[in-house]
Structures are given as structure tokens and as C-alpha cells.
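Visitor: quick check, what structure comes out for this input:
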Amino acid sequence: MMTVDEYVALPWTVHGRMVREAPGERPYHLITTDEMDGFSVVASSRAAAQELFPIVLREHIEAWLESGHVPPIPGPAREAIVA
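Guide: Here you go, the predicted structure:
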């Protein structure tokens, strides 16, 4: 079984963008991954979101493992493990 550190180090497909819910509201930065539905990091700036990403990812993966589930593995890493 892979460790949390090994999961965090995988090549996740990460997307980030600024979001403004409505005119006049302050925008925020959102980071998601293709591999984990429902996973997101929200922060007031891109730098803050990037800083939080590995912390939140680690917590998310720990929760998966503690609940007895196996976290998804990104495509390139999955192919390398199977080969």
C-alpha cells in the first residue's frame, strides 16, 4: 500500500482559476484536480492557494485512507505502477 507522502508526490492534474461569484464581490482563487471529484482549494490569491494545495491534498488523502478507501491515482502514475 502506498503512503500518504507517496500519494501527495504523484503527478496530479491541477487546474487553477480566479472566480468571481457576482459583480462587485472579491474574486478568489480555486484549485481542483481532474482525478478527485469534489476536491478543491480556495484562497484569496493564487500564491495562497498554491501554498495550501499540498496541505489540503494531504488531509484529503489521509481521510480517504482512514475511511478504508483507496485514493485515485493519476493516469501517468497509474500506468507506471501497472507496467
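
Visitor: against Gly24, how distant is the nearest residue to Asp34 once chain neighbours are set aside?
Guide: Closest residue in space to Asp34, ignoring its immediate chain neighbours: Thr13 at 3.9 Å, by Cβ to Cβ, 6 or more residues apart in numbering. C-beta coordinates here come from the backbone N, C-alpha and C atoms, glycine included. Relative to Gly24, Thr13 is positioned 33 Å away (Cβ to Cβ, to the nearest Å).

Visitor: looking at the two, which is more packed in?
Guide: Thr13 (12 against 6; other Cβ atoms under 10 Å).

Visitor: ok, the more buried one touching Met36?
Guide: No. Contact between Thr13 and Met36 fails when scored by Cβ atoms under 8 Å: they sit 9.8 Å apart.

Visitor: pLDDT wise, what is Asp37 at?
Guide: Per-residue confidence (pLDDT) for Asp37: 88.

Visitor: ranges for the helices of the protein?
Guide: Assigned by DSSP state H, the chain shows helices spanning 4-8, 46-66, 75-82.

Visitor: I'd like those helices as a markdown table, with mean neighbour count, mean pLDDT and distance to Tyr28 appended.
Guide: Output for those, formatted as a markdown table (neighbours: other Cβ atoms under 10 Å; pLDDT from 0 to 100; distance: least, Cβ to Cβ, whole Å):
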| stretch | mean neighbour count | mean pLDDT | distance to Tyr28 |
| --- | --- | --- | --- |
| helix 4-8 | 15 | 93 | 23 |
| helix 46-66 | 15 | 95 | 8 |
| helix 75-82 | 12 | 56 | 29 |
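
Visitor: show me the one of those that comes nearest Ser40.
Guide: Ser40 lies closest to helix 46-66 among the helices of the chain, at 8.3 Å (Cβ to Cβ).

Visitor: could you check how far the closest one is from the centre of its chain?
Guide: Mean C-alpha position of helix 46-66 versus that of the full chain (Cα atoms, centre = their mean, to the nearest Å) differs by 6 Å.

Visitor: and it, what other elements does it pack with?
Guide: Secondary-structure packing of helix 46-66 (3 or more Cβ pairs under 8 Å, 6 or more residues apart in numbering; DSSP states H and E): helix 4-8, strand 14-19, strand 28-33, strand 40-43.
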